[in-house]
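J.: One predicted model, sequence on top.
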Amino acid sequence: MDTKAILDHQFTVAAYAITWVIQLGYLAWLGLRWRAQKSKAARSARNPR
Amino acid sequence: MKKFAIGLYVAITAVLMAWGFYQAIYVAPDEQTMHEVQRIFYYHVPSAMIAFLFFAISLAGSICFLALRRSHPERAQASDAWALAGAEVGVVFCTVVLITGPLWGHRVWWGGGDWGHGTWWTWDPRLTTTLVLWLIYVSYLLLRRFAAGPQVQALAAVLNIFGALDVPIVYMSNRWWRGAHPGPVFGGGPDSGIHDPAMMHAFCWNIAAWLAWGLLLLALRYHIERQQQSFAAQQAQEAIEA
């Protein structure tokens, strides 16, 4: 493989990996928010003002 | 039944994502001039298309919110949740576009015989208008996150409507002005389009996969926002009663 092909490969891998990191990171953040929301609602139901 | 339907949808999405990846990496042929790095196209372009779709959903949500907020407050809240969910998921896809684009561009723009010395960014009309679109929707999300008061939803809806005006400008930018960005994939005249059927298949599978994934994120974000609204309303009611 020449240098150009190696760099092309590395850039392609980087683009795919970054896409997945962003998308899965966002999904994880949504999951955490959902869990926090559920526990907040449960706490509120247990201890109404 | 609902859990089964959600599980089935998640499973279909996972299969589509794996199939789209397989098509893009192993089935689609190398493009003649750009070779392997052109495969970034299969993630970059569908992400842009889906970002546009979600900004359109967000726009529709904001218009409905403004139209219904006095006559149907509950429906207006649901519309506002769609507006927020559409904007947030749209920003995620737009971020992918703004990162994968320069990675691709760095390898092919002005490479000539001097590969490896490309440019990360240029103030090309398509790139500039996309960055402006991203900044507008990030400012919409920051407004939603940090501003307080009864008018925040209405102000954000107005910002969303003006922000969405940039979407058709982004779409038309590489038709109206010449720049470094490649021409349109669809509807750009006789030279546009993908002529290799294997490339077209890979592209369509990735559109389907990312659309399924995006709708999953959108539904989850909408659900969280509705929960948040319901919790806030409950808190307000309890405060009044106390």
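T.: Sure thing, it's come through.
J.: check contacts around the nearest residue to B:Leu59 once chain neighbours are set aside.
T.: Counting by C-beta to C-beta, 6 or more residues apart in numbering or on different chains, B:Leu59 lies nearest to B:Ala164, which is 4.0 Å off, once chain neighbours are set aside. C-beta here means a position set from N, CA and C on the backbone, and glycine is covered the same way. Going by C-beta atoms under 8 Å, 6 or more residues apart in numbering or on different chains, B:Ala164 touches B:55-56, B:58-59.
J.: And for B:Pro102?
T.: B:Pro102 makes contacts with B:120-121, as judged by C-beta under 8 Å, 6+ apart.
J.: ok, it to B:Phe146 distance?
T.: Shown here: B:Pro102 relative to B:Phe146, a distance of 29 Å by C-beta to C-beta, to the nearest Å.
J.: Same check on B:Gly7?
T.: Computed as C-beta to C-beta, the B:Gly7 to B:Phe146 distance reads 36 Å.
J.: same question, B:Ala157
T.: Using C-beta to C-beta, B:Ala157 is found at 17 Å from B:Phe146.
J.: And those two? Which one has more around it.
T.: The neighbour comparison of B:Ala157 against B:Phe146 (other C-beta atoms under 10 Å in any protein chain shown) goes to B:Ala157, with 24 against 8.
J.: For that one, give me the pLDDT.
T.: Looking at B:Ala157, its pLDDT is 96.
J.: Identify the residue spatially nearest to it, adjacent ones excluded.
T.: Spatially, and ignoring its direct neighbours in sequence, B:Ala157 is nearest to B:Ser62 (3.8 Å; C-beta to C-beta, 6+ apart).
J.: Secondary structure element holding the one you found?
T.: Assigned by DSSP states H and E, B:Ser62 belongs to helix B:41-68.
J.: With B:Gln235 instead?
T.: Per DSSP H and E: helix B:197-241 holds B:Gln235.
J.: So which elements touch that helix?
T.: With contacts taken as 3 or more C-beta pairs under 8 Å, 6 or more residues apart in numbering or on different chains; DSSP states H and E, helix B:197-241 sits against helix A:3-46, helix B:2-22, helix B:41-68, helix B:73-108.
J.: which residues does B:Ile240 contact?
T.: Going by C-beta under 8 Å, 6+ apart, the list of residues near B:Ile240 is empty.
J.: Enumerate every residue touching B:Phe231.
T.: B:Phe231 touches A:37, A:40-41, A:44, counting by C-beta under 8 Å, 6+ apart.
J.: The residue nearest to A:Lys40 when sequence neighbours are not counted and B:Lys2, how far apart?
T.: Nearest residue to A:Lys40, sequence neighbours excluded (C-beta to C-beta, 6+ apart): B:Phe231, at 6.5 Å. B:Phe231 sits 21 Å away from B:Lys2, going by C-beta to C-beta.
J.: Cool, thanks, signing off.
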